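Engineer: Could you look at this predicted model? Sequence included:
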Amino acid sequence: MDIIIFSNTKNIDKIFSAVSKSKKFSVRILPAASLKKGARSIPKQTIVYADLSSFTKTEAPQIIKSLSKCDGSVFGIIDPKGMVDDVAALFHAGAGDYLGPHAVKKGIASKRIEDVLIFKQIEPQEKLKALKKDYILSGRDWKGIAPGKEYTFVFMLVELDNKSELKGAGNEYFNFITGSFKRYLEEHITPSNGRIWMWIDFGGLVIFPFDGGISNAIESGFRLMINRKLMSAEILHLDLLLSYRIAMHVGNTVYQARGQTGTIVSDSINSVFHLGQKYAKPGWFCLTEDMYHFVHPGLKSAFVPAGEYEGRSILRMKTVL
């Protein structure tokens, strides 16, 4: 979900630095004048903050009145100078948040934004899409996930290309490459709570818990694609660029511990394997449209349409190397 701040104050974004770092929301700063021109053009499913110190005393009441008429968005007031005499009146006018001098100085966390959405009874657009899909949200981490129960996960299949070449180089070389690749993969998925769930000769299926919002799993795929040259040269000490493909999807499956997955039947697992092994080209990082809904807004422009497969629109990451 987007947060738009209308302000002329230098470094106003520092108030929201923790929110930006959380990757749950994207934060944009726009000039105060642009709010005067068209409050009604603010997109739905947006959180808007107006910095009162960027408006005159006569402009402020009109700005608040205009924001109160914006359907489908939430507005808050930033008041670094303590200009507001009656804070309660702001909430009577429909405000979802008020950041006075103390909050401005201290800064806010993403939890506050989540509380604002709960207070205004608004679900983030991504979570609404998740609920419409009948997803069974597994949460942000592994604490509430139990074997034998069905959940929604983000699935990421990572598989090396040039299979015949790697096999033909001999078992010792092949085992060195795949073993090093597996360790490198684990290192890159752990910060996003990813786990290698199934491992095959040339790669593996990684799963990430899913809470219905923006997924950090996508960043793991980004790092793997961007760092290919670094991994080949500095970690595997190869003079060639190691090639692999990544396919990502979101869907449901029964969870079992690693090593006990042989009896699992899941359309979602089949879909990501088919996408990665039968459709993706060497060096691709591709997603289903279902997964694309949960990509951080700042990363969406890195993906371009890549056709349709098994009834789903597919997108792929632009080539970086």
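Structural biologist: Received the coordinates, thanks. Numbers count the residues shown, from 1 in each chain.

Engineer: Now name the helix or strand holding the residue lying closest to residue 227 once chain neighbours are set aside.
Structural biologist: The shortest distance from residue 227 to any non-neighbouring residue, by C-beta to C-beta, 6 or more residues apart in numbering, is to residue 188 (7.9 Å). (Each C-beta comes from the backbone N, C-alpha and C, glycine too.) Using DSSP states H and E, residue 188 sits within helix 171-189.

Engineer: before we move on, back to that, the residue nearest to residue 227 touches residue 223, doesn't it?
Structural biologist: Yes: under the criterion of C-beta atoms under 8 Å, residue 188 makes contact with residue 223 at 5.2 Å.

Engineer: re the thing from before, just give me the neighbour total for the residue nearest to residue 227.
Structural biologist: 19 (other C-beta atoms under 10 Å).

Engineer: can I see the domain layout of this structure?
Structural biologist: 2-122, 132-317 (automatic domain parsing).

Engineer: Next, format the ones you listed as a markdown table and append mean pLDDT.
Structural biologist: Formatted as a markdown table, the domains of the chain follow (pLDDT from 0 to 100):
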| stretch | mean pLDDT |
| --- | --- |
| domain 2-122 | 86 |
| domain 132-317 | 86 |
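
Engineer: Now do the contacts for the residue nearest to residue 227.
Structural biologist: Listed by C-beta atoms under 8 Å, 6 or more residues apart in numbering, the contact partners of residue 188 are 220, 223-224, 227.

Engineer: need the strands for the chain, in chain order.
Structural biologist: For the chain, applying DSSP state E gives strands covering 2-6, 26-30, 46-51, 74-78, 97-99, 150-160, 195-200, 203-209, 244-254, 285-288, 303-309, 312-317.

Engineer: Give me the distance between the closest residue to residue 247 other than its chain neighbours and residue 291.
Structural biologist: Leaving aside its chain neighbours, residue 247 sits nearest to residue 276 (3.3 Å; criterion: C-beta to C-beta, 6+ apart). Between residue 276 and residue 291 the computed distance is 13 Å (C-beta to C-beta, to the nearest Å).

Engineer: Kindly report the same for residue 221.
Structural biologist: 10 Å.

Engineer: And for residue 46?
Structural biologist: Distance, residue 46 to residue 291, using C-beta to C-beta: 23 Å.

Engineer: and those two? which has more neighbours close in?
Structural biologist: Neighbour count, other C-beta under 10 Å: between residue 46 and residue 291, residue 291 has more, with 26 against 17.

Engineer: Go ahead and confirm the more buried one touches residue 152.
Structural biologist: No: at 11.5 Å, residue 291 and residue 152 do not qualify as touching, with contact defined as C-beta under 8 Å.

Engineer: any common contacting residues for the two?
Structural biologist: In terms of C-beta under 8 Å, 6+ apart, residue 291 and residue 152 are both contacted by the residues residue 250.

Engineer: For the residue nearest to residue 149 when sequence neighbours are not counted, which residues are in contact?
Structural biologist: In space, and not counting its chain neighbours, residue 149 is closest to residue 255: 6.3 Å by C-beta to C-beta, 6+ apart. Residue 255 sits next to 138, 145-151, 153 when contact means C-beta under 8 Å, 6+ apart.

Engineer: And for residue 152?
Structural biologist: Taking C-beta under 8 Å, 6+ apart as the criterion, residue 152 is in contact with 130, 135-138, 210, 212, 250-252.

Engineer: cool, and residue 221?
Structural biologist: By C-beta under 8 Å, 6+ apart, the neighbours of residue 221 are 156, 246, 248, 285, 317.

Engineer: Out of the residues you listed, the closest to residue 56 would be?
Structural biologist: Comparing the contacts of residue 221 against residue 56 with C-beta to C-beta places residue 317 closest, at 46.5 Å.

Engineer: State the distance from the residue nearest to that closest one when sequence neighbours are not counted to residue 99.
Structural biologist: Sequence neighbours aside, residue 285 is the residue nearest to residue 317 in space, at 4.0 Å (criterion: C-beta to C-beta, 6+ apart). Going from residue 285 to residue 99 by C-beta to C-beta gives 39 Å.

Engineer: These two: which is more packed in?
Structural biologist: Comparing residue 285 with residue 99 by other C-beta under 10 Å, the one with more neighbours is residue 285, at 26 against 22.

Engineer: Surely the more buried one is in contact with residue 316?
Structural biologist: Yes: under the criterion of C-beta under 8 Å, residue 285 makes contact with residue 316 at 6.4 Å.

Engineer: Comparing the strands of the chain, which comes out most buried?
Structural biologist: strand 285-288 (a mean of 26; mean count of other C-beta atoms under 10 Å).

Engineer: Starting from it, tell me which strands it pairs with and how they run.
Structural biologist: strand 244-254 (parallel), strand 312-317 (antiparallel) (DSSP bridges).

Engineer: Using CSV, write out every CA atom in stretch 196-205.
Structural biologist: C-alpha atoms of stretch 196-205 as CSV (Å, rounded to 0.1, in the frame of the first residue of the first chain):
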residue,chain,number,x,y,z
ILE,A,196,14.6,-25.3,1.1
TRP,A,197,11.8,-27.7,1.2
MET,A,198,12.6,-30.1,-1.6
TRP,A,199,16.0,-30.7,-3.2
ILE,A,200,16.7,-32.2,-6.6
ASP,A,201,20.0,-32.7,-8.4
PHE,A,202,20.1,-29.3,-10.0
GLY,A,203,18.2,-27.1,-7.5
GLY,A,204,15.4,-27.0,-5.1
LEU,A,205,12.0,-25.8,-4.1
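
Engineer: Much appreciated, bye for now.
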